[in-house]
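Participant: model this:
(one chain, ligands or ions: 2)
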Amino acid sequence: MNRESLKDCSRVVIKIGTNSIMKSPTKVDYHKIDRLAFVCSTLQQEGKEVILVSSGAVGVGASALKMNKYPSSIAEQQALASVGQSALMNLYSRFFQHYGQYVGQILMTRDIIDYPNAYHNCKTAINSLLNKKIIPIINENDAVSVDELGHCTKFGENDTLSAVVTELIDADILIIMSDVDGLYTANPQTDDSASLIPFVSEINEEILSMAGGTGSIFSTGGMETKLKAAEYVMALGKSMVITSALNPSIVFSILGGEECGTLFKKLEKQHQ
Ligand SMILES: Nc1ncnc2c1ncn2[C@@H]1O[C@H](COP(=O)(O)OP(=O)(O)O)[C@@H](O)[C@H]1O
Ligand SMILES: N[C@@H](CCC(=O)OP(=O)(O)O)C(=O)O
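Facilitator: Residues are numbered from 1 along each chain as shown. Ligands and ions are numbered 1, 2, ... in the order given. Got it, this is the predicted structure:
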């Protein structure tokens, strides 16, 4: 599948998962965060608009509080995420400043989708940052987003949140960076015979059946939520790529039209 059109993407949402922010359940991957800050700053300074959706609040919180398993109570989870989000943003601010780039924090709850004023306000906040050449760093507001009866405030994972953000600000592409090279025919962590799929033009039952569980105790998405995110953005006529976060510079190759990871893009009518 020719990827030349990806060179024209000017507004880019990049989502990075917990497994990529953390080296282990208790160790933050500082080098990865630094590389990501370099890549996003370089793209922004080259004239693209970059929005970063970053998981890791719970993982970084667990590291800060020296916990190696996810607490069971909601109150504990909220405290963990609150400490972790603050520590995560502190890390991002410092690493981005190395590259002369300011960042802003946007914490979202799912109910912004249900309230047009909240949806519009969130959109204007993000666009206001972009107009000032500031990179928005977005996460779910885990400390307060707890689902109550009749009031859905929780996204629960950032794959869906990043797809909603892609629509919210009419981005051209969503790049989901994970601890795998892309979508495989089965979970590569449990099936050595699984092979990478370079291009998907439709999310169907066969594709969905390839998704297994998550890759870490603090992740909440997994491949299934990534495929649902792909379905969401493809329906909007946009592109999505799942790629490895091992070397964040891969984003330059993706936006240069090179075949990296798995590209999800609906085929144009004439090509069908
Ligand atoms: N078909 C598949 N292809 C690739 N990865 C898969 C597949 N099925 C399940 N997985 C799992 O999904 C994980 C990535 O999702 P997740 O654990 O939520 O990571 P992240 O923190 O990046 O969101 C991989 O580590 C892998 O174990
Ligand atoms: N808001 C949560 C997001 C959890 C989440 O979606 O994790 P992942 O599946 O690793 O992207 C956090 O920051 O821990």
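
Participant: where in the stretch 1-150 of the chain is pLDDT low?
Facilitator: 148-150 (pLDDT under 70).

Participant: any idea which helix is longest in the chain?
Facilitator: helix 74-98 (DSSP state H).

Participant: who's in contact with it?
Facilitator: 21, 28, 30, 33-34, 36-38, 40-41, 52, 54, 56-65, 67, 70-71, 102-103, 105, 107, 135, 137, 139, 142-144, 146 (CB atoms under 8 Å, 6 or more residues apart in numbering). (Each C-beta comes from the backbone N, C-alpha and C, glycine too.)

Participant: pull out the buried members of the residues you listed.
Facilitator: Burial by neighbour count, 16 or more other CB atoms under 10 Å: within the contacts of helix 74-98 this picks out 21, 28, 33-34, 36-38, 40-41, 52, 54, 56-64, 67, 70-71, 103, 105, 107, 135, 137, 139, 142-143.

Participant: which ones among the residues you listed come in contact with ligand 2?
Facilitator: Among the buried ones among the contacts of helix 74-98, the residues within reach of ligand 2 (CB under 6 Å from any ligand atom) are 56, 57, 58, 59, 139, 142.

Participant: show me these that map onto strands.
Facilitator: residue 139 (DSSP state E).

Participant: relative to the whole chain's centre, how far out is the longest helix of the chain?
Facilitator: Distance of helix 74-98 from the chain centroid (CA atoms, centre = their mean, to the nearest Å) equals 16 Å.

Participant: right, and the helix or strand after it?
Facilitator: strand 103-108 (DSSP states H and E).

Participant: could you pull out the helices for the stretch 101-250 of the chain?
Facilitator: Counting by DSSP state H, counting those that start in this stretch, residue ranges of the helices within the stretch 101-250 of the chain are 116-131, 158-168, 205-208, 223-235, 250-254.

Participant: can you name every helix or strand that the shortest one contacts?
Facilitator: This means helix 205-208. With contacts taken as 3 or more CB pairs under 8 Å, 6 or more residues apart in numbering; DSSP states H and E, helix 205-208 sits against helix 223-235.

Participant: so for the helix it packs on, mean pLDDT?
Facilitator: What helix 223-235 shows for mean pLDDT is 97.

Participant: that one and ligand 2 in contact?
Facilitator: No: if you take CB under 6 Å from any ligand atom as the test, helix 223-235 misses ligand 2, and the best it gets is 7.0 Å.

Participant: the closest residue to residue 45 other than its chain neighbours: what's it in contact with?
Facilitator: Of all residues beyond its chain neighbours, the one nearest residue 45 is residue 101 (7.3 Å), with distances taken as CB to CB, 6 or more residues apart in numbering. By CB under 8 Å, 6+ apart, the contact list for residue 101 reads 37, 40, 41, 44, 45, 135.

Participant: likewise residue 212?
Facilitator: Contacts for residue 212 were tallied using CB under 8 Å, 6+ apart; they are 186, 187, 189, 190, 222, 223.

Participant: now do it against ligand 1, distance only.
Facilitator: 3 Å (CB to the nearest ligand atom, to the nearest Å).

Participant: again, but for residue 115
Facilitator: 27 Å.

Participant: distance check, that residue against residue 155.
Facilitator: Distance, residue 115 to residue 155, using CB to CB, to the nearest Å: 15 Å.

Participant: give me the more crowded residue out of these two.
Facilitator: residue 155 (26 against 11; other CB atoms under 10 Å).

Participant: so the more buried one makes contact with residue 145?
Facilitator: Yes: counting by CB atoms under 8 Å, residue 155 touches residue 145, with 7.2 Å between them.

Participant: could you name every residue contacting both of the two?
Facilitator: 109, 110.

Participant: what's the burial count for residue 100?
Facilitator: Residues near residue 100, counting by other CB under 10 Å: 8.

Participant: use 20 as the first number for this chain going forward.
Facilitator: From this message on, residue numbering opens at 20, which makes the last subject residue 119.

Participant: doesn't residue 264 make contact with residue 198?
Facilitator: Yes: the pair residue 198 / residue 264 is scored as a contact, 6.7 Å apart, by CB under 8 Å.

Participant: list residues touching both of these two?
Facilitator: Both residue 198 and residue 264 are contacted by 36, 39, under the criterion CB under 8 Å, 6+ apart.

Participant: alright, calling it a day.
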